[in-house]
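# Fold the stuff below for me.
(2 chains)
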Amino acid sequence: MPAREATVTPAGPAAPSDDVAARQAWMAVLARAPAAALDGHLAALPPLPAHARLRGPETGLVMVRGRQGGDGAPFNLGEMTVTRCTVRLGDGTLGHAYVAGRDARQAELAALLDAALQRPELHDAVMAAVIAPLAAAQAAGRGSVARKAAATRVAFATMATMRGE
Amino acid sequence: MLSPGFADPALDAQRCFRAVLEAMSRPGRVQRLAEGVLEPPAPFGLAAAAVLLSLTDADTPVWLDAEAAVAADWLRFHAGCPLVAAPGDAAFVMACGAMPPLDSVNTGTEEAPHESATLLVQVAALDRGVTLRLSGPGIAREHRLRVAGLPPDFGLRWARNGAGFPRGVDLILCAGAALAALPRTVRITEGDG
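Numbering: from 1, shown residues only, chains lettered A, B, ... in the order given. Got it, this is the predicted structure:
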């Protein structure tokens, strides 16, 4: 659904595919950032434009589907709790957010930031003040988990040599 | 520019559903929705917008006429309903301009007449204009409904709709915040008689 709605409000001068990819990237960062972190980074910015809530924030369940087997048949992994929100800025720019969990404030802030990021005059400031530090922190967090996992790695060297006979 | 839907989606939709239920049970009696539950996008009035939000979802294909199609983005965003190109494929047919012919709409089958479409027509007013004298199930003897904005040959078209019973379409008339329903069982005589 967000991908289809993204075509309703084309933004920026870049080609549509780059546009969509860039928007997906910042929406992913926003969806993983807790409300407190968003608030903390927003404090450095001048106040964002006023917004109206078009939908939500509302909490519901979405079915997470995966693929299994050699032919990639879909299966239902399970339901997860998701909170979504859509806001509109004064000029009609729409911002969407779907975040895991029940944090309504996170969903609304993420939607507001998504809308602000589509405004050319706000884009660079919000990118520098909010998205870049959050993305760096999330990458660092992923890196630390990956290093901890790598430290427990076992190499089955002996088995490989026995099989080699 | 997209406008918000119901202020309180669950309760407002339930209140509107109750109004539609009352309207269908008492054909021709005008129900009024509370003002301010919704800021309807042009060209919809409050009743048309609220009924669409209450009754349509991802499982109900909707057809909009050329006038109503102005608000297509709004409806798709808030109701999530598929919009179809032909009125015959739709479960709900919304007309803000001329009323589409009743036989262009899905009238169900003899085995499953309940699979027919519901026709929503936004008319100019439900308190002036031509007088319809209604009788049938849900009406003790006779009920009078005044409608402005129906086609001049509406009585003839409605008689043809009733002749196919149990097939046929049910009609919801919307004007501003008011709505009245004409289920297929109602019989209509025009004029003040």
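
# What segments of chain A are strands?
Per DSSP state E, chain A carries strands over the ranges A:51-68, A:73-89, A:94-100.

# out of those, deepest packed?
strand A:94-100 (a mean of 22; mean count of other CB atoms under 10 Å in any protein chain shown). Every C-beta, even on glycine, is put in place using the N, C-alpha and C of the backbone.

# Within its sheet, name the partner strands of it and how each one runs.
With DSSP bridges as the test, strand A:94-100 is paired with strand A:73-89 (antiparallel).

# Report the angle between the strand it pairs with and strand A:51-68.
Going by axes from the mean of the first three to the mean of the last three CA atoms, to 10 degrees, strand A:73-89 is angled at 170 degrees with respect to strand A:51-68.

# Over strand A:73-89, what's the mean pLDDT, rounded is fine.
Across strand A:73-89, pLDDT averages out at 94.

# Surely residue B:97 and residue B:69 touch.
No - assessed by CB atoms under 8 Å, residue B:97 is found out of contact with residue B:69, at 10.1 Å.

# more neighbours, the two?
residue B:69 (15 against 12; other CB atoms under 10 Å in any protein chain shown).

# What's the separation between that one and residue B:41?
Going from residue B:69 to residue B:41 by CB to CB, to the nearest Å gives 12 Å.

# quick one: the strands in chain B?
B:31-32, B:62-64, B:92-95, B:118-122, B:125-135, B:143-148, B:170-175, B:178-182, B:187-190.

# now for those, which one comes closest to chain A?
Using CB to the nearest CB as the measure, strand B:62-64 is the one of the strands of chain B that comes nearest chain A, at 16.6 Å.

# Off-centre distance for the closest one?
Centre-to-centre, strand B:62-64 and its host chain are 12 Å apart (CA atoms, centre = their mean, to the nearest Å).

# so what's the residue in chain B that chain A sits nearest to closest to, chain neighbours aside?
Residue nearest to chain A within chain B (CB to the nearest CB): residue B:1, separated by 4.1 Å. Excluding the flanking residues, the one nearest residue B:1 by CB to CB, 6 or more residues apart in numbering or on different chains is residue A:92, at 4.1 Å.

# While we're on the one you found, how confident is the model there?
Here, the pLDDT recorded for residue A:92 equals 88.

# next one: residue A:4
Looking at residue A:4, its pLDDT stands at 41.

# Pull the number of nearby residues for residue 118.
All of this refers to chain A. A count of neighbours around residue A:118, defined by other CB under 10 Å, yields 23.

# oops, chain B please
Residues near residue B:118, counting by other CB under 10 Å, number 23.

# Who are the contact partners of it?
B:55, B:91-93, B:169-172 (CB atoms under 8 Å, 6 or more residues apart in numbering or on different chains).

# Same check on residue A:84?
By CB under 8 Å, 6+ apart, the contact set of residue A:84 is A:55-58, A:60, A:96-99, A:107.

# give the contact list for the closest residue to residue A:50 other than its chain neighbours.
Sequence neighbours aside, residue A:90 is the residue nearest to residue A:50 in space, at 6.3 Å (criterion: CB to CB, 6+ apart). Residues in contact with residue A:90 (CB under 8 Å, 6+ apart) are A:49-51.

# Of those residues, just say which sits nearest to residue B:136.
Checking those against residue B:136 with CB to CB, the nearest one is residue A:51 at 49.9 Å.

# Leaving out chain neighbours, which residue sits closest to that closest one?
Distance criterion CB to CB, 6+ apart; nearest residue to residue A:51, sequence neighbours excluded, is residue A:87 at 4.3 Å.
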